[in-house]
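Trainee: Sequence and predicted structure below; questions after.
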Amino acid sequence: MLDYAGRAADLKDSEGGYSLINGSEDVQIGLYDKPLPCFGCGIGWFSFLLGFAFPLMWYYATILYCSNYYRKDPRERTGLATCAIAALVCTVALCITMAVLLLL
């Protein structure tokens, strides 16, 4: 039943406040309600930042990306993909450096 302002009149409890429609025991925690691991930025972005000091973290995140780890939480996908790109750039740079050093 709607009152004159278009609001549901039957949602008011006896004290004048509003009550939940489903009740408090039916509250479900959604996928995006829980925070990401690694200080809230996710494993991918944490590995990307830490990879500048320890490049092996980029390769670890690349393995997670290739094994579809992001299906557990889609918010991880961009950070893991960034690490895969960083690992590729690091590998190419290492190959070029090794080729130059061996040819000299």
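Mentor: Perfect, I can see it now.
Trainee: Same question for the residue nearest in space to the middle of the chain, what's its three-state structure.
Mentor: With distances taken as C-alpha atoms, centre = their mean, Arg75 lies nearest the centre of the chain, 2.9 Å away. Under DSSP: H, G, I helix; E, B strand; the rest coil, Arg75 falls in the helix class.
Trainee: Hmm, it is touching Pro35, no?
Mentor: No. If you go by C-beta atoms under 8 Å, Arg75 and Pro35 don't touch, sitting 10.1 Å apart. For the C-beta atoms, the positions are set from N, CA and C on the backbone; glycine is no exception.
Trainee: Can you check the pLDDT for the residue in the chain sticking out farthest from the centre?
Mentor: Most distant residue from the mean C-alpha position of the chain: Leu104, 44.9 Å away (C-alpha atoms, centre = their mean). Note on Leu104: pLDDT of 84.
Trainee: ditto for Arg71
Mentor: 83.
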